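> sequence first, then the predicted structure:
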Amino acid sequence: MGEYRYVMLLENTSKEDLPGVGGKGANLGEMIKAGISVPGGFVVLTGAYNKFIAENNLEEKISELTTGLDDNNFEQVEEATERIKELKVQS
């Protein structure tokens, strides 16, 4: 199995890393490169999230809770979010 990277320092992120670090991480990296003062930190990479979901067999459960979800309905989104948080992970 290959080596897995789970985090990246903000100072090492840029817009080219968008798929792996998300919008906020990429934008903070660009701000640092532009000389804007940004507190030090890191981002958890999307690959780490995907691995966690896969290894705990959560894809189907999350899909069931989000299929047909009206993302403009705050109460519906909040309820689905709470139910996802309550899902049990494998130990």
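Alright, I've got the coordinates.

> show me the helices in this protein, by range?
18-33, 46-55, 59-66, 74-85 (DSSP state H).

> for stretch 11-23, what is the distance to the chain centroid?
12 Å (C-alpha atoms, centre = their mean, to the nearest Å).

> give me the contacts around the helix or strand of the chain with the lowest mean pLDDT.
Of the helices and strands making up the chain, the lowest-confidence element is helix 46-55, at a mean of 92, by mean pLDDT, DSSP states H and E. By C-beta atoms under 8 Å, 6 or more residues apart in numbering, the residues outside helix 46-55 that reach it are 4-7, 19-22, 58-59, 62, 89-90. C-beta here means a position set from N, CA and C on the backbone, and glycine is covered the same way.

> pLDDT below threshold where in this structure?
1-4, 90-91 (pLDDT under 70).

> now residue 28, nearest residue through space, not along the chain?
Ranked by C-beta to C-beta, 6 or more residues apart in numbering and with sequence neighbours excluded, the top spatial neighbour of residue 28 is residue 10, at 5.0 Å.

> what does residue 45 give?
Residue 45 sits nearest to residue 20 (C-beta to C-beta, 6+ apart), 5.0 Å away.

> what about the one you found, how many neighbours?
Neighbourhood size, residue 20 [other C-beta atoms under 10 Å]: 16.

> do the same with residue 5
Residues near residue 5, counting by other C-beta under 10 Å, number 10.

> contacting residues for it?
Contacts of residue 5 (C-beta under 8 Å, 6+ apart): 45, 47, 48.

> right, I'll leave it there.
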